[in-house]
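Visitor: Make a model of this:
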Amino acid sequence: MKGLKLIIPAIVLIIVVVFQSLFIVQEISQAIVLQFGDPKKIVTKAGLNFKLPFIQNVVYLDKRILNLDNDPEEVIAADQKRLIVDAIARFKIIDPLKFYISVGNERVARSRLSTIINSRIRGVLGKQELATLLSTDRTKQMAIIQNDVNNEAQNFGIEIVDVRIKELIYLQQTVKQFTKECKLKEKEKQKI
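Guide: Model (predicted):
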């Protein structure tokens, strides 16, 4: 009877230790094993893994391509036309350790990327005229923005897969001015 009272708590303790030692990495995830907050191991392959119980913990990061939907941003084009640009970006975590050390989690990463993307959009689109932004050259502008953002995002262990303008809104006054300018240009062409 005394032996049974000691065996049951011992079995329960062993089961708890075993469950605390195991962790599963899904196919859509990658994991960083931390020991007292210090990164010790990176696991990128899916499967069952082991860690030291109670001493190490696991942080999971997404392997998939993630979406970032920026807030609309006002941009003034080179010809002083005011635009509202609504952009989206897609990114993935390519270096989990650098990502964890530099930004820590997806929420902070999204905030930092959003700031960088909005800055690059204002910088690149602000040098272009409205007519250029409406033409097929817009894809070139997006490639320049993506490249610039990618250069900075690499410092966070992130790769920018795509940056796109979801919506380009012209303020009412700008549309009227643009239409008026187009009509004047057409009249000038007809005179020649």
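
Visitor: Give the full set of residues in contact with Lys40.
Guide: Val33, Leu34, Gln56 (C-beta atoms under 8 Å, 6 or more residues apart in numbering). C-beta here means a position set from N, CA and C on the backbone, and glycine is covered the same way.

Visitor: Can you tell me which of the residues you listed lies closest to Asn151?
Guide: Checking those against Asn151 with C-beta to C-beta, the nearest one is Leu34 at 28.9 Å.

Visitor: give me the element that closest one is part of.
Guide: strand 29-35 (DSSP states H and E).

Visitor: ok, that strand: who's next to it in the sheet?
Guide: strand 38-43 (antiparallel), strand 56-62 (antiparallel) (DSSP bridges).

Visitor: which outside residues touch the longest one?
Guide: Outside of strand 56-62, the residues within contact range by C-beta under 8 Å, 6+ apart are 23, 25-26, 28-35, 40, 51, 93, 96, 99-100, 106.

Visitor: got any ranges where the chain has weak pLDDT?
Guide: 1-2, 172-182, 185, 189, 191-192 (pLDDT under 70).

Visitor: before we move on, the earlier item: filter the contacts of strand 56-62 to the buried ones?
Guide: 23, 25, 29-34, 51, 93, 96, 99-100, 106 (16 or more other C-beta atoms under 10 Å).

Visitor: Now do Ile116 against Phe99, distance only.
Guide: 15 Å (C-beta to C-beta, to the nearest Å).

Visitor: Out of the contacts of Lys40, the closest to Gln80 would be?
Guide: Nearest member of these to Gln80, counting by C-beta to C-beta, is Leu34, at 51.8 Å.

Visitor: ok, and the closest non-adjacent residue to that closest one?
Guide: Closest residue to Leu34 apart from its sequence neighbours, by C-beta to C-beta, 6 or more residues apart in numbering: Asn57 at 5.4 Å.

Visitor: Now do that neighbour against Val25, distance only.
Guide: In terms of C-beta to C-beta, Asn57 sits 14 Å off from Val25.

Visitor: try Phe99
Guide: For Phe99, the distance to Val25 - C-beta to C-beta - is 16 Å.

Visitor: End to end on stretch 93-108, go ahead and measure it.
Guide: 13 Å (C-alpha to C-alpha, to the nearest Å).

Visitor: Neighbours of the closest residue to Ser102 other than its chain neighbours, how many?
Guide: Spatial nearest neighbour of Ser102, chain neighbours left out: Phe156 (4.8 Å); criterion: C-beta to C-beta, 6+ apart. Residues lying near Phe156 (other C-beta atoms under 10 Å) number 22.

Visitor: can you list the domains in the protein?
Guide: Using automatic domain parsing, the domain parsing of the chain gives 2-62, 66-188.
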